[in-house]
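Colleague: Would you be able to build a 3D model of this:
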Amino acid sequence: MQDVTSAAAEPRGARIDPDPEGLLRQLRARSTGDPVTHVERVAASAGTSADWPYWVPDELRKALVERGVVAPWRHQAEAADLAYAGSHVVVATGTGSGKSLAYQLPALSTLLADPRATVLYLAPTKALAADQLRAVAELGLDGVRPACYDGDTPQAEREWIRQHSRFLLTNPDMLHHGILPGHARWSAFLRRLAYVVVDECHTYRGVFGSHVAHVLRRLRRQADRYGRPGPGPGGTTGPDGTAGPLAPGALAAAGPDGTTGPGGGAGEVRPARAGRITGVAPLPAGAAFASRRDWAARRGPTFVLASATAGDPAGTAGRLIGLPVTAVTEDTAPRGGVTFALWEPPLLPPEPGATRNTGTVVDADTVVDTDTVVDTDTVVDAGTGARLDGPPGTGASASTGRSADRPDPSPGHLVPGGDLAQVRRSALRETADLLSDLVATGTRTLAFVRSRRGAEVIATAARRSLDEAVPGLGRRVAAYRAGYLREERRELERALLSGELLGLASTNALELGVDLTGLDAVLICGYPGTRASLWQQAGRAGRSGREALAVLIARDDPLDTYLVHHPEALFGRPVEATVLDPGNPYVLGPQLCCAAVEAPLTETDLELFGPAAPAAVAALTESGALRRRPTGWYWRHTGRPEVDLRGTGGTPICVVESATGRLLGTVEESSSHVLVHPGAVYLHQGVSYLVDELDLEGACALVHAEEPDWSTHARDVTSLSVASVRSYVDAGPVGLFLGEVDVTSQVVSYQRRRIATGEVLDTRPLDLPVRELRTVAVWFTVSPRSLTAAGVDPAEVPGALHAAEHAAIGLLPLVATCDRWDIGGLSTALHPDTEAPTVFVYDGHTGGAGFAERAYHAASGWLRATRDAIVECGCETGCPSCVQSPKCGNGNNPLAKPEAVTLLDVVLANLPGEPAAESD
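Modeller: Okay, here's the model as predicted:
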């Protein structure tokens with residue numbers, strides 16, 4: 001690493017004008033060989049501004065100008081006009097393009113013009129909601145009273161917020177668990193709800209997105225109930241006995257001029273008086289009626305959604321809210337240039353005397369997902385002999401995708417017991433070194449890591465490296481992840497924005513719209529699973545219009561290796577469409593039960609929840625969950641149904657230091673079997689703790705500080721059976737299927753591995769509950785005769801299937817909005833349900849998340865890319881870049897790389913281009 005004396009001597013927060021290409025040259029010069037496989041230059045662009053919309057009050061315009069917003073960009077004004085006119089709109093533009101202003105203009109203008117109106121803002125993360133609260137509060141607008149209402153809100157403040165806040169910032173979880181169940185206490189807020197803002201809506205995908213879609217329908221239902229016009233104007237009551245709104249055409253609430261309407265109703269909003277804007281300006285000829293603030297004339301609130309650049313944003317947003325949506329996609333904001341490098345860590349020379357068995361790489365960047373799930377080593381199913389590679393934590397689900405990393409900050413190493421082979425340097429270590437090098441130059445850098453533990457490892461290694469060069473400099477690097485206490489997260493955000501911190505290693509918790517203006521570089525440790533996430537993360541740098549550097553550091557993984565050698569798969573291609581399925585019966589049924597608890601379901605309500613709702617209600621009635629009455633369907637039980645939007649399953653586990661009682665953080669219940677099982681090593685801000693006890697019923701894990709020289713890796717046993725077949729393609733010797741499967745998994749033990757060498761010290765048993773998962777899978781079968789005819793020896797069939805399965809899982813993100821940790825797999829030379837050699841790939845979410853279905857319909861392209869990735873890899877017998885899996889519990893054994901190519905050739909030769917010929 002370069003001399004860092006000059007950087008250490010700089011005053012805190014000092015800025016160095018970044019030269020991305022110069023920084024990249026320095027980083028390349030200090031590496032072994034040239035790790036850069038491609039450099040993409042994204043040109044800077046000038047912005048196109050627009051006039052302020054005529055309806056924006058002077059007070060709001062002045063406040064924005066004082067905050068540096070001289071005029072809106074054209075896309076901001078276009079989206080704001082659509083929303084103000086009552087159209088549901090989604091703004092799908094790049095990171096840092098100012099999407100916030102697009103919804104702030106209509107929402108805040110309405111709050112200023114109508115003192116009774118309210119606005120609801122939904123964010124997928126607490127950090128984003130807190131950031132938006134700061135932005136709105138700093139405008140200093142009278143009467144808006146913005147407030148966050150989430151799990152961190154003190155009880156003493158909640159009643160005041162319910163009664164007085166008019167701009168409420170929360171998340172879908174609180175809306176689902178807190179606001180909608182207590183809708184009577186929120187009746188005044190819901191009755192006057194003018195806008196619902198859904199920020200970062202592209203994150204609502206898979207099962208999580210499907211749940212959120214129904215939460216939004218439940219919100220629309222309650223807003224409609226409380227906002228439904230009564231039989232007369234002013235002072236009328238609604239059908240439920242609560243105070244109803246004004247009928248269409250009646251005068252609205254007390255207007256800025258203080259007039260009142262008939263029946264005691266408040267006056268309508270008058271045109272602005274000469275010389276000042278007190279409400280809205282006179283309507284120009286041909287203006288839409290909805291430009292007036294007469295909310296009683298509308299049916300329900302207007303939705304404004306913000307999204308990263310995404311495929312089919314209007315269609316996705318429409319499925320999310322259940323209403324037609326207009327998309328604004330042209331990004332007219334200015335943007336600094338980005339130098340985007342693809343970086344492949346170098347191969348390490350074989351260690352003297354070291355060998356490895358069957359190609360097993362211990363130092364793969366794998367173990368725990370971003371902010372939810374887990375890592376397991378899946379072992380062979382004793383009953384079938386099948387090779388399984390399940391997503392960590394069967395039954396758990398994640399909104400952002402699964403990922404993992406071994407907690408080994410050392411370089412890649414070799415495992416004794418086989419042929420001598422080379423291993424690539426760990427992406428974790430490579431990222432840590434790049435982070436320390438950039439911090440040493442005074443470059444403000446954010447390193448995205450795909451796991452909580454990975455963030456801790458990178459931050460610890462970078463701090464150590466910097467402190468060795470200049471004692472104390474390591475303090476300017478930290479880790480950031482979910483599971484930290486609220487106060488820790490807010491302090492880290494503040495320190496990064498102020499320049500007190502120069503480097504931060506974060507999970508995708510900072511991928512979303514938190515304003516991090518001032519960052520110069522972004523490091524992305526491992527492909528984040530989708531091009532949408534890749535560009536979101538890269539866009540964190542250069543947000544102030546400055547030049548920026550982004551580097552994708554490839555893990556030793558088939559997909560990462562494929563991408564860094566095929567840049568055309570990343571650059572110049574549209575981003576993926578978000579996958580969500582509100583019709584998923586495992587989502588729809590529980591959500592209908594939640595709705596029935598809030599108010600009896602009616603025939604009209606069923607239309608709101610989609611075409612699958614009548615059948616779902618019938619099934620719920622037959623099972624005894626609902627009861628049919630003349631006035632609708634009623635929930636039959638006393639308690640509320642337990643529905644977890646994020647699929648993480650149960651109450652979060654509190655991690656508590658046993659000696660002091662100090663709360664260190666939290667872990668999702670679904671992750672606890674792997675992260676905080678008895679004997680596990682738990683990392684928190686670079687400090688290691690050993691888990692003494694896991695109390696699942698009490699939702700608590702007791703730990704003590706300890707620095708062992710070993711890491712822990714959970715192992716589970718998994719089995720899979722076919723429940724039903726939805727459709728299939730009969731392609732002669734090849735069959736392609738889509739259907740439901742049952743996956744059963746149990747964490748049964750954990751390994752302790754020496755950090756320095758990867759040596760397995762021992763395996764210790766665990767006694768943890770079994771997890772069961774009913775999900776959707778795609779699978780293909782191949783006749784043994786066709787494999788023999790193609791030259792695949794029967795003894796090599798298991799290895800060929802296993803290798804093809806690994807590579808297929810790794811390449812599925814090319815055709816579906818997922819990453820390999822969203823999905824699991826199984827391969828077997830004779831599965832009892834298919835009676836043939838079979839490869840299964842299944843969604844790691846209850847009921848499925850749409851990934852397997854997408855794979856089924858794109859099977860030819862998916863498997864073609866899988867075959868090409870294996871063929872193009874330069875290894876002879878298989879490596880992590882092609883057919884080895886970082887989550888394989890069978891030790892990546894057996895694997896037969898050449899035979900896997902032959903197997904896929906047989907499949908592709910027989911499979912039609914599209915699985916159109918389906919049977920039921």
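Colleague: So what touches the helix or strand hosting residue 37?
Modeller: Assigned by DSSP states H and E, residue 37 belongs to strand 36-42. Residues from elsewhere that reach strand 36-42 (C-beta atoms under 8 Å, 6 or more residues apart in numbering): 24, 28, 337-344, 564-565, 567, 570-571. C-beta: built from backbone N, CA, C; applies to glycine.
Colleague: any idea which of these is closest to residue 311?
Modeller: residue 570 (14.7 Å; C-beta to C-beta).
Colleague: So what's the residue count around that closest one?
Modeller: Residues contacting residue 570 under the criterion other C-beta atoms under 10 Å number 18.
Colleague: Then residue 791?
Modeller: Number of residues near residue 791 (other C-beta under 10 Å) recorded here: 10.
Colleague: Need the pLDDT of it.
Modeller: pLDDT recorded at residue 791 is 95.
Colleague: Can you classify it as helix, strand or coil?
Modeller: coil (DSSP: H, G, I helix; E, B strand; the rest coil).
Colleague: now it, nearest residue through space, not along the chain?
Modeller: Closest residue in space to residue 791, ignoring its immediate chain neighbours: residue 902 at 6.2 Å, by C-beta to C-beta, 6 or more residues apart in numbering.
Colleague: of all the contacts of strand 36-42, which two lie farthest apart?
Modeller: Taking C-beta to C-beta as the measure, the contacts of strand 36-42 span a maximum distance of 24.4 Å, between 337 and 565.
Colleague: could you point out the longest helix in this protein?
Modeller: helix 206-227 (DSSP state H).
Colleague: just checking, what packs against that one?
Modeller: Secondary-structure packing of helix 206-227 (3 or more C-beta pairs under 8 Å, 6 or more residues apart in numbering; DSSP states H and E): helix 172-174, helix 187-191, strand 193-198, helix 313-321, helix 585-598, helix 603-608.
Colleague: before we move on, back to that, what helix or strand is the residue nearest to residue 791 located in?
Modeller: Using DSSP H and E, residue 902 falls in helix 897-910.
Colleague: likewise residue 877?
Modeller: Applying DSSP H and E, one finds residue 877 in no helix or strand.
Colleague: How many residues are close by it?
Modeller: By other C-beta under 10 Å, the residues close to residue 877 number 17.
Colleague: ok, for it, nearest residue in space, not its chain neighbours?
Modeller: residue 897 (5.7 Å).
Colleague: gap between that neighbour and residue 773?
Modeller: 30 Å (C-beta to C-beta, to the nearest Å).
Colleague: circling back: mean neighbour count and mean pLDDT for the helices and strands packed on helix 206-227 - can I get that in JSON lines?
Modeller: Formatted as JSON lines, these follow (neighbours: other C-beta atoms under 10 Å; pLDDT from 0 to 100):
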{"stretch": "helix 172-174", "mean neighbour count": "21", "mean pLDDT": "93"}
{"stretch": "helix 187-191", "mean neighbour count": "20", "mean pLDDT": "94"}
{"stretch": "strand 193-198", "mean neighbour count": "25", "mean pLDDT": "96"}
{"stretch": "helix 313-321", "mean neighbour count": "23", "mean pLDDT": "92"}
{"stretch": "helix 585-598", "mean neighbour count": "22", "mean pLDDT": "91"}
{"stretch": "helix 603-608", "mean neighbour count": "15", "mean pLDDT": "92"}
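Colleague: Tell me which of those approaches residue 638 most closely.
Modeller: Taking the helices and strands packed on helix 206-227 one by one with C-beta to C-beta, helix 585-598 is closest: 10.2 Å.
Colleague: Filter the contacts of strand 36-42 down to the buried ones.
Modeller: 24, 337-344, 564-565, 567, 570 (16 or more other C-beta atoms under 10 Å).
Colleague: got the residue ranges for the helices in the stretch 51-200 of the chain?
Modeller: 58-66, 74-84, 99-113, 126-137, 155-164, 172-174, 187-191 (DSSP state H, counting those that start in this stretch).
Colleague: need the least confident one among those helices, by mean pLDDT.
Modeller: Among the helices of the stretch 51-200 of the chain, helix 126-137 scores lowest, with a mean of 87.
Colleague: Show me what that helix is packed up against.
Modeller: With 3+ C-beta pairs under 8 Å, 6+ apart as the test, helix 126-137 has helix 99-113, strand 146-148, strand 167-170, helix 486-498 packed against it.
Colleague: buried residues in it?
Modeller: Neighbour-count burial for helix 126-137 flags 126-133, 136 (criterion: 16+ other C-beta under 10 Å).
Colleague: how about TSV for the helices and strands packed on helix 126-137, with mean neighbour count and distance to residue 743 added?
Modeller: Shown next, in TSV, are these (neighbours: other C-beta atoms under 10 Å; distance: least, C-beta to C-beta, whole Å):
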stretch	mean neighbour count	distance to residue 743
helix 99-113	26	39
strand 146-148	22	38
strand 167-170	24	34
helix 486-498	17	34
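Colleague: Tell me which helix or strand in the protein has the weakest average pLDDT.
Modeller: When the helices and strands of the chain are compared on mean pLDDT, DSSP states H and E, strand 377-379 comes out lowest with a mean of 31.
Colleague: Now, the contacts of strand 36-42 that are in helices?
Modeller: 24, 28, 564-565.
Colleague: tally of neighbours for residue 143?
Modeller: Number of residues near residue 143 (other C-beta under 10 Å) recorded here: 10.
Colleague: For the stretch 301-450 of the chain, which segments are assigned as strands?
Modeller: Counting by DSSP state E, counting those that start in this stretch, the stretch 301-450 of the chain has these strands, from start to end: 302-307, 326-328, 338-343, 347-348, 377-379, 387-389, 423-424, 445-449.
Colleague: Quick check: which of those is nearest to residue 83?
Modeller: The minimum distance between residue 83 and the strands of the stretch 301-450 of the chain falls on strand 302-307, with 4.7 Å, by C-beta to C-beta.
Colleague: Surely residue 643 is in a strand?
Modeller: No - per three-state DSSP, residue 643 lies outside any strand segment and is coil.
Colleague: And the pLDDT at it?
Modeller: pLDDT, read off for residue 643, is 85.
Colleague: Go ahead and confirm it touches residue 180.
Modeller: No - taking C-beta atoms under 8 Å as the definition, residue 643 is not a contact partner of residue 180, at 11.2 Å.
Colleague: intersection of neighbour lists for these two?
Modeller: residue 594.
Colleague: Could you check which of the two is surrounded by more residues?
Modeller: A direct count of neighbours by other C-beta under 10 Å for residue 643 and residue 180 places residue 180 higher, at 20 against 17.
Colleague: Check the burial of residue 309 by counting its neighbours.
Modeller: The tally of other residues near residue 309 (other C-beta under 10 Å) stands at 20.
Colleague: show me what contacts it?
Modeller: By C-beta under 8 Å, 6+ apart, the contact set of residue 309 is 92-94, 329, 331, 532, 535, 575.
Colleague: Swap in 6 Å and give it another go.
Modeller: Residues in contact with residue 309 (C-beta atoms under 6 Å, 6 or more residues apart in numbering) are 92, 94, 575.
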